[in-house]
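Participant: structure for the following, please:
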Amino acid sequence: MNSNPENNRPNVLIVVMDAARARNFSCYGYERKTTPVIDEIASQGVLYEQCISSASWTLPSMSSLFTGLYGSQHGTNFRHQFLERDHATIAEVLSNEGYQTTLFATVEWVSKTFGLARGFEHATSYVGGVPWMRKIFKKTTKIEKLWRLGKWYLLGPKHGKYTYTVSQDVRRWFNTQYQKDKPYFAVMHFGDPHWPWFHHPQHSWIEGKRRPPRLYAPDGHKYMAGELELSEEDSQMMMDFYDGEISFLDHQMGKIFDMMKQGGYLDNTILIILADHGEQLTEHQLIGHGFSVYEDVLHVPFIVHHPEYFSGGERVKEAVQNVDVFPTLIELLNLDKEKIPNHMLGRSLLPEKVRANPRPFTVSERLAPSLKRFRRVVPHFDTTPMERHMRALREVNGNGPGYKLIWGSDGRHELFNLAEDLGENENLAERDPEKLQEMLDKLADWMATFEMADFGELETHIDEALTQRLQELGYL
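Facilitator: I've put the predicted structure just below:
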C-alpha cells in the first residue's frame, strides 16, 4: 500500500535524537553494537561521516534545522528563547505545498512555546500538568511534581523519556488522521539519550556483578565546579548508561519503523536520522552540552535514506551540517526558493554534489549561554570565564578534518590541528599565531556574508510545570 499515490511527491520524515554523539554509534566505528537498527538503515542509505551541528544545544540547533539558518542568523539562544516569524520553517513551506505536517517532540524546547511548532498542523507535546490534578489544583503543586517524577522514575527504564508514548501516538496519527492521498512531513524528536540516564535492562552494557541503579544522574554542574569527583568506575558507569540509552532508543525506533513499513508509510519517503547535538562525558572536564564547541558536542550521526536519491550504503567523507537539510528539500521537492525569505548558506546533501563541491569549513556556535543552574546549584562558583560567546570554524582538508578555531568573545581563542589531535588536547593558539590569524580572518569573512540577527533579549514566559521540567533536565 503506497501512500500519496496521486502526485508521487516524496514524504519527508526527520528523526532527531537528543544529545547523541556520533562516536558512540556502531555505524561510526564504535566497538559496542549500540545501533543495529540505524546501522541497517545506513547500509541501505547514505551515512555522512562528518556531520557537524550548527549549535551545541537543542533550541538553536533545531531552529537551524527547521530554517536552514545559523544561530547568528536566526538569533535564537538563551537570551532570546523564541524563533521569530521572520524566518520561514520547513513545516510552514511544506504545509503551503499541500503536505500534512505533524510533530512529535518529547523535548520541551521543540514546542509552540519557543516557536518551533510553527507550520505543523498537528503538534504533540508531552510536557505539562497532570490533567486530573489540574481539575483540583489550578497551579503546579508539590504533589503533582512528585507524581510526575515518580511515574517518570518507575516507567523510565521501560518507556524511556516518553519514547514509548511517541510510538503509540505515531501509530494513532497514521491510523486515524493521515490522508493517504497527500504526502506528509513528520518530525520525531526523542529525549533519549539526554541526561539523566535510565538503566534499560534489555539494552544494558553494564558488566560484572554490580547492580545498577534505575537512574544515573551525576550532577554535571557540580562536577564542573569541582564539587563532585567521579572515580574510574563512576565514569565507566556513565558511559554504560549512555550507551544503554542509545541502544534502547535504537530498538524503539526500529519498532516505529517496522510499524510504518507495514502500513506503507515509508514508501517513497526521504528518511533523515540525526542528532541535534552531542554530549560530553567528562572530556575537557565537562559533562553535558551547551558549555563548549568541542567535537563531542558537535560531531553527530547523520543518515539519510531514499530509494532514488540516497541509497546503496554510501559513506560520504566530506563535511555536512544540519543547515543543509532545508536547501536539500527545496531542491528535491522542486520548491520555489525565491518565495522563501531565508538567506540560507547550506548546500545540497546529494552525495555526488557534496563530493563535487565540498565545503571548505563548517561553523558552529554557542551564543548567550545559560548559567542559571550553575548559580542556583553552586552559587559560590565563579562563572565569569563561561560568560562569553563561542564560535568554532572547522577546516575540512580532503576527506578529514584539518585545523579548528574556537573563537571566544573575550579574546580567549583556541586552535587545534584535528588531523593530529582529534581530542582537542593541545591548544596551538600561542604557538602558531599566523595560523590563528588566518582562521580568525576566515571566520570574519564568513560572518560578513549575512546580516546578523538582533532581536534583543526575550526570555519566553513559561509556566511552572515547564520550568520544573527544564530544571529536571539540568537547564535552569
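
Participant: name the SS class of residue 50, please.
Facilitator: Secondary structure, DSSP: H, G, I helix; E, B strand; the rest coil: residue 50 is strand.

Participant: bridging residues for it?
Facilitator: Applying DSSP bridges to residue 50 gives these bridge partners: residue 319.

Participant: quick one: contacts for it?
Facilitator: By C-beta atoms under 8 Å, 6 or more residues apart in numbering, the contact list for residue 50 reads 299, 317, 318, 319, 320, 362, 396, 400, 401. Using the backbone N, CA and C atoms, a C-beta is placed for each residue, glycine as well.

Participant: what's the pLDDT at residue 150?
Facilitator: On the pLDDT scale, residue 150 is placed at 67.

Participant: isn't residue 387 up against residue 367?
Facilitator: No: using C-beta atoms under 8 Å, residue 387 is not in contact with residue 367; the gap is 11.8 Å.

Participant: residue ranges with poor pLDDT in the stretch 151-300 of the chain?
Facilitator: Applying pLDDT under 70 to the stretch 151-300 of the chain flags residues 151-158, 209.

Participant: just to revisit the earlier point, the more surrounded of residue 387 and residue 367?
Facilitator: Shown here are residue 387 and residue 367; by other C-beta atoms under 10 Å, residue 367 has more neighbours (22 against 12).

Participant: how much space between that one and residue 78?
Facilitator: Separation of residue 367 from residue 78 (C-beta to C-beta, to the nearest Å) stands at 8 Å.

Participant: hang on, isn't residue 59 packed against residue 114?
Facilitator: Yes: using C-beta under 8 Å, residue 59 is in contact with residue 114, at 6.1 Å.

Participant: identify the contacts common to those two.
Facilitator: Residues touching both residue 59 and residue 114 (C-beta under 8 Å, 6+ apart) are 76, 81.

Participant: which one of the two is surrounded by more residues?
Facilitator: Higher neighbour count among residue 59 and residue 114: residue 59, with 28 against 21, using other C-beta under 10 Å.

Participant: my read is that one is in a strand, agree?
Facilitator: No: according to three-state DSSP, residue 59 belongs to no strand; its state is helix.

Participant: please name the nearest non-neighbouring residue to it.
Facilitator: The shortest distance from residue 59 to any non-neighbouring residue, by C-beta to C-beta, 6 or more residues apart in numbering, is to residue 109 (4.3 Å).

Participant: quick one: pLDDT of that neighbour?
Facilitator: Reported pLDDT for residue 109: 84.

Participant: how about residue 370?
Facilitator: 80.

Participant: equivalent analysis for residue 39, please.
Facilitator: 98.

Participant: was I right about it contacting residue 27?
Facilitator: Yes: the criterion here is C-beta under 8 Å, and residue 39 meets it with residue 27 at 4.4 Å.

Participant: tell me which of the two has more neighbours.
Facilitator: residue 27 (21 against 17).

Participant: what lies in contact with the helix or strand where residue 437 lies?
Facilitator: Assigned by DSSP states H and E, residue 437 belongs to helix 433-447. When contacts are defined by C-beta under 8 Å, 6+ apart, helix 433-447 is touched by residues 72, 361, 363, 391, 393, 395, 403, 405, 407, 413, 415, 428-429.

Participant: centre of the chain versus it, how much separation?
Facilitator: The chain centre lies 27 Å from the centre of helix 433-447; the measure is C-alpha atoms, centre = their mean, to the nearest Å.

Participant: oh, and call the first residue 40 from now on, that's how I've got it
Facilitator: All set: I'll call the first residue 40, so the last point we hit is now helix 472-486.

Participant: format the CA atom coordinates belonging to that helix as CSV.
Facilitator: What follows is helix 472-486 as a C-alpha-only set of coordinates in CSV (Å, rounded to 0.1, in the frame of the first residue of the first chain):
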residue,chain,number,x,y,z
PRO,A,472,49.8,32.9,15.7
GLU,A,473,49.9,33.1,11.9
LYS,A,474,47.5,30.1,11.6
LEU,A,475,45.4,31.6,14.3
GLN,A,476,45.0,34.9,12.5
GLU,A,477,44.3,33.1,9.2
MET,A,478,41.4,31.2,10.9
LEU,A,479,40.1,34.4,12.6
ASP,A,480,40.1,36.1,9.2
LYS,A,481,38.2,33.2,7.6
LEU,A,482,35.6,33.5,10.4
ALA,A,483,35.3,37.2,9.9
ASP,A,484,34.9,36.8,6.2
TRP,A,485,32.1,34.2,6.7
MET,A,486,30.2,36.4,9.1
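
Participant: list the contacts for residue 350?
Facilitator: When the contact criterion is C-beta under 8 Å, 6+ apart, the partners of residue 350 are 83, 84, 85, 344.

Participant: could I have the ChimeraX command that selects the buried members from those residues?
Facilitator: Buried residues within these, by 16 or more other C-beta atoms under 10 Å, are selected in ChimeraX with:
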select :84,85,344
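
Participant: what's the most distant pair in the contacts of residue 350?
Facilitator: Spatial extent of the contacts of residue 350 (C-beta to C-beta) is set by the pair 83 and 85 at 9.2 Å.

Participant: between the two, what contacts are shared?
Facilitator: Common neighbours of residue 83 and residue 85 (criterion: C-beta under 8 Å, 6+ apart): 344, 350, 351, 352.

Participant: inside helices: which ones of the residues you listed?
Facilitator: Nothing among these maps onto helices, per DSSP state H.

Participant: next, format those residues as CSV and append distance to residue 370 and pLDDT.
Facilitator: Below are those laid out as CSV (distance: C-beta to C-beta, whole Å; pLDDT from 0 to 100):
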residue, distance to residue 370, pLDDT
344, 17, 98
350, 17, 97
351, 19, 97
352, 22, 98
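
Participant: adding distance to residue 266, write those out as a markdown table.
Facilitator: Shown next, in a markdown table, are the shared contacts of residue 83 and residue 85 (distance: C-beta to C-beta, whole Å):
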| residue | distance to residue 266 |
| --- | --- |
| 344 | 45 |
| 350 | 51 |
| 351 | 51 |
| 352 | 47 |
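
Participant: still on that earlier bit, what residues sit buried inside the helix holding residue 476?
Facilitator: Along helix 472-486, these residues count as buried under the neighbour rule (16+ other C-beta under 10 Å): 475, 478, 481, 482, 485.
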